[in-house]
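A.B. asks: quick one: sequence and predicted model below, then my questions.
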Amino acid sequence: MDADAISKQKPAHIPQGQPRASLNRKGMSVVVGLLAYFLLVTAVITHERNTLLRSVQELEVVHEQEERQVSLNMTVAHAILTVNENYFAPDLESSTQVLVLEIEAVLSSLRKLVTAYPILADDISTLEESNRQLLGEPTRGTVAEIRSAFHRLVIDLDAVTSDIGNRKQIVLDTYRNTYNRVTLEWLLFMVAGIGLFGGLGLMFFRRLARDIEMVRARAMDIVRGFRGRPLEVTRQDEMGGLMAAVNTMQDELRERETRIELHRQQQFHQEKMAAVGSLAAAVAHEINNPMSAIVGVAEAIADQREVRACAQTGSACQPALILDQARRVMQITRQISEFSVPRSPEPELLDLNGLARSTCGFVSFDRRFRGIELEQDLDPGLPAVCAVADHLVQVLMNLLINAADALADRKVGTSRIQVRTSRSPTGIRLEVTDNADGIAPDVLPRVFEENFTTKAPGRGSGLGLSLCRRLIEGAGGSIGIESSLGHGTCVTVLLPLEPTDRNGRTGKACTF
């Protein structure tokens, strides 16, 4: 499986959808808020303006009534003087014409005020009756009654004058209070508008500037190699979309770097095995020639011994021991050569037990396995498994090396690694068990994470188990791990009998 196939297995991070509350919408909300605030201010000021207009109109009415009342007072005063002058006049008939004109003038002014001041209605009736009497049969008594009526009218007019003055003062006070209230409301609305919208604007832009700076800093960190936790998306606008895009960029870069590293490791493994194969082939060729000669000499000695005792050493020579050790050396070189032969990159029917034996035999030469008992419990009745041989070798080697590294610091007891194969209801099971110190419970859920490792710096990249999971799941299988402190670790690989992809669909047919 190459890097392209790995990239197809894991879909790229899908960015978030369109922001639910864009900056344009927030701007429109501010405009709507300003409009609503303007309408509120307009409504309040319009109400106060109407109050001022009513006060002015009332003041005009009062001024008009005051002017009429002043004019009436002057007319009444003139009429009283005329009545007093003609009260003792010897020619009553000639005085009557003058008195009638004065009464008509007073009645004309009174009729303009009677609507606003009904108290003047009785005075009007009395003067009209007196006026009729003067026009009918004028007497000194009628003039006296007119004189008394004018005196009562003066008293009523004083009350009207006082009432007009009070109304005028009330209207002026209302106007003044309304004016002061409008001024105060303008100030309050101005302060409230500046405080509300200015504060909201300042808070919005400060937060926007902070988020922009945070995104800028994170982008620079990503350029410098940061691949930690993503930014927390705290906004639902375009800025939130930018945060999500930065997180997506970080995920994509991490995924791409991981794919490159996994591909590099696979290529390194293949190159290493090819180099080992070339070296093993050359060494085997060089070793097998003298070993063949040694075997030939040992066989000749054995044949000679069967005929008679060895000429030099007698019956004490042991050609069989020479043959066993020489054949063992030749078998080791042959195993290394066979193990290092390049294999097909396509799925093929494999003998999992044979693959496990050759892999265990190959890694046993690693110095990390010195002092470790490498056990093999292989089920002889296993059917052939369909998989890529190089992938299974790489997975098993990673698991064995991880187990050896876990046993590196073990000082008490015997270090042991067991490789076990068995048949399961769904396929074939491969287990690698060690008796190391185990994995802490808080670390166990993270062992398959990319770039996560508990090894010392320089001893692990954190991609071994991640690569194993990708390779096994790519073949349609699964991998799991169980561990407890003080009791060791067991990694279980389940392989299907038929080739499938990671989604469970039937994959390519195996080659023979």
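C.D. replies: Arrived safely, thanks for sending.
A.B. asks: count residues in the vicinity of Pro118, would you?
C.D. replies: Residues near Pro118, counting by other Cβ atoms under 10 Å, number 9. Quick note: C-beta positions are derived from backbone N, CA and C, even for glycine.
A.B. asks: now the strands for the protein?
C.D. replies: 348-350, 372-377, 385-387, 415-424, 427-434, 478-484, 488-495 (DSSP state E).
A.B. asks: now render those strands as CSV, adding mean neighbour count.
C.D. replies: Below are the strands of the chain laid out as CSV (neighbours: other Cβ atoms under 10 Å):
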stretch, mean neighbour count
strand 348-350, 17
strand 372-377, 14
strand 385-387, 25
strand 415-424, 18
strand 427-434, 22
strand 478-484, 16
strand 488-495, 21
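A.B. asks: contacting residues around the residue lying closest to Ser364 once chain neighbours are set aside?
C.D. replies: Closest residue to Ser364 apart from its sequence neighbours, by Cβ to Cβ, 6 or more residues apart in numbering: Leu374 at 5.8 Å. For Leu374, the contacting residues are Cys360, Ser364, Leu400, Ile417, Val419, by Cβ atoms under 8 Å, 6 or more residues apart in numbering.
A.B. asks: just checking, the last one touches Glu373?
C.D. replies: No - Val419 lies out of contact with Glu373 (Cβ atoms under 8 Å); the separation is 11.6 Å.
A.B. asks: can you name the residues that contact Ser109?
C.D. replies: Counting by Cβ under 8 Å, 6+ apart, Ser109 touches Arg68, Ser71, Leu72, Thr75.
A.B. asks: count the neighbours of Asn84 for me.
C.D. replies: If we define neighbours as other Cβ under 10 Å, then Asn84 has 12 of them.
A.B. asks: where exactly do the helices run in the stretch 201-350 of the chain?
C.D. replies: Secondary structure of the stretch 201-350 of the chain (DSSP state H, counting those that start in this stretch): helices located at 238-307, 319-339.
A.B. asks: lowest average pLDDT across those?
C.D. replies: When the helices of the stretch 201-350 of the chain are compared by mean pLDDT, helix 319-339 comes last with a mean of 65.
A.B. asks: so the residue nearest to Ser364 bridges to which residues?
C.D. replies: Beta-bridge pairing for Leu374 (DSSP bridges): Ile417.
A.B. asks: any idea how far it is from Asp390?
C.D. replies: For Leu374, the distance to Asp390 (Cβ to Cβ, to the nearest Å) stands at 21 Å.
A.B. asks: likewise Gly477?
C.D. replies: Taking Cβ to Cβ, one finds Gly477 at 15 Å from Asp390.
A.B. asks: please apply the same query to Arg218.
C.D. replies: In terms of Cβ to Cβ, Arg218 sits 39 Å off from Asp390.
A.B. asks: Pro425 too?
C.D. replies: Plainly put, Pro425 is 28 Å away from Asp390 if you go by Cβ to Cβ.
A.B. asks: and the two? which has more neighbours close in?
C.D. replies: The neighbour comparison of Pro425 against Asp390 (other Cβ under 10 Å) goes to Asp390, with 18 against 5.
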